[in-house]
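Asks: 3D model of this:
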Amino acid sequence: MRCLPFCRNADMPQPQPSTRSNIPSFIAMDVMREAKTLAREGADIVHLEVGEPGAAPPRAVREAAIAALSGGRVAYTEALGIPALREAIARNYRERYDLAVDPARVVVTTGSSGGFVLAFLAMIEHGGRIGIPNPGYPAYRNILQALGIEAVEIETGPQSRFALSAAAIEAAHAEKKLDAVLLMSPANPTGVLTPAAEVKRIAETCARLGIWLISDEIYHGLTYEGEEASALSHSDDAVIVNSFSKYYCMTGWRVGWLVVPERLLRPIECLQQNLSISVPYLSQIAAVAAFGARDDLEAIKAGYARNRAILMENLPRLGLTPLPMDGAFYAYCGIAKYSNDSMEFSRRALREAGLAITPGLDFDRINGQGFVRLSYAGSEVDIVKAVERLKAWLG
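Replies: Numbers count the residues shown, from 1 in each chain. From the prediction side, this is the model:
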């Protein structure tokens, strides 16, 4: 056997990973990994763990990418995104929200995840503090930790239908100064919609307190009850994060966007130039076409609505009453009737019932042991099968 040119002696000191990389896992992804391992071994698994549309992107999206690839060279683009896509995103704000957005304020990003990294770096100093809703999307907390920014969890509850409120933001800021607040509506994991009037109050409160408002609008377009409102309707200073992953069914394409105040454009451009150079060209071309596929996308949304109705009818009968399911494609359910350990409950659901679900501890480190999240972004067949398996498993 040939030896490598250099073999480390066991007594030699070993460099260690950085402390900033010591962040919690994204548990939903861990569940997906284990579920796929079981599936490769022959298990029949129903996937309810990850918020990923089960439908393929619309035909127009795929055809646009194929045509662009057939054209030959696939190159870098401008760091802020190709003009055609920035213009299409701005036009979407006029058509959907009746808002005039300058395409120059639009930044194309590597999914919403890349957008958050750019926004956090451009807006908040190392050691700064940002308020986030609890329960909430775990990557907020974990990305902020890696960047050396303190995530201040602001509790939501029945008094606000589990939506972030202006009053809660003001109370958190009074306790210790915040530099920014992050709003998500419709929310992950709950599906709860922040009412339009409350979005306005939140924007006004942030302006009065002199703190940044970041509005995660990735689930816009997927609302079933109530009226979704963009924070841009109430503040030109708000930073909007969105993506083609959810409503547009383009998760693996990794393309999203920001709308930012003018003073953030150059800092974000320089960050993008150095961190990723540009978003993949083919994904940007395909994303332009997504705006012309509204009929296809609304048909997919109608499928989510049918799945939602099935769960709303059956989950309460099983003692798994969800929080208000206003939008997105999640049911966030209390499991007190069966367990006070959401991690163990989810492990057993996967092993004993072939159901991949996400423990609430992923979204709420305080009360998450009493909840699980089910995604209904898959097919109606899978949702019916999931309900049947839950009935059999829970007895």
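Asks: contacts and neighbour counts: CA atoms only from here.
Replies: Fine.
Asks: count of residues packed around residue 207?
Replies: Per other CA atoms under 10 Å, the neighbour tally for residue 207 reads 15.
Asks: again, but for the one 5 residues further on
Replies: Using other CA under 10 Å, the number of residues around residue 212 comes to 20.
Asks: for the one 10 residues further on, same thing?
Replies: Burial measure for residue 222: 21 neighbouring residues, criterion other CA under 10 Å.
Asks: how close does it sit to residue 298?
Replies: From residue 222 across to residue 298, the span is 9 Å (CA to CA, to the nearest Å).
Asks: elements contacting the lengthiest helix in the chain?
Replies: In the chain, assigned by DSSP state H, the helix with the most residues is helix 294-314. Counting contacts by 3 or more CA pairs under 8 Å, 6 or more residues apart in numbering; DSSP states H and E, helix 294-314 packs against helix 380-394.
Asks: do that again at 7 Å, thanks
Replies: If contacts are counted by 3 or more CA pairs under 7 Å, 6 or more residues apart in numbering; DSSP states H and E, helix 294-314 sits against no helix or strand.
Asks: what does that helix contact?
Replies: Residues outside helix 294-314 that contact it (CA atoms under 7 Å, 6 or more residues apart in numbering): 58, 222, 248, 329, 376, 377, 380, 383.
Asks: low pLDDT regions in the protein?
Replies: 1-10 (pLDDT under 70).
Asks: and residue 131, that's in a strand?
Replies: Yes: when DSSP: H, G, I helix; E, B strand; the rest coil is applied, residue 131 is found to be in a strand.
Asks: all helices of the stretch 251-395 of the chain, in order?
Replies: Under the criterion DSSP state H, counting those that start in this stretch, the stretch 251-395 of the chain carries helices at the ranges 262-275, 281-290, 294-314, 342-353, 380-394.
Asks: meant to ask about the stretch 51-200 of the chain
Replies: So, for the stretch 51-200 of the chain - with DSSP H, counting those that start in this stretch - the helices run 59-70, 83-97, 111-123, 138-147, 166-175, 196-209.
Asks: report the distance from the second one to the chain centre.
Replies: Once both centres are worked out by CA atoms, centre = their mean, to the nearest Å, helix 83-97 turns out to sit 21 Å from its chain's centre.
Asks: can you check stretch 232-251 too?
Replies: Distance of stretch 232-251 from the chain centroid (CA atoms, centre = their mean) equals 11 Å.
Asks: and that stretch, how far apart are its ends?
Replies: 24 Å.
Asks: which residues sit against it?
Replies: Here stretch 232-251 makes contact (CA under 7 Å, 6+ apart) with 52-53, 55-57, 99, 111-112, 115, 200, 203, 212-219, 221-222, 231, 255-261, 290, 297.
Asks: residues contacting residue 134?
Replies: Here residue 134 is in contact with 153, 154, 155, 156, 364 (CA under 7 Å, 6+ apart).
Asks: how about a cut-off of 6 Å?
Replies: The contact partners of residue 134, by CA atoms under 6 Å, 6 or more residues apart in numbering, come to 153, 154, 155, 156.
Asks: I'd say the first one and residue 135 touch.
Replies: In this case it means residue 153. No: with contact defined as CA atoms under 6 Å, residue 153 does not count as touching residue 135 (8.3 Å).
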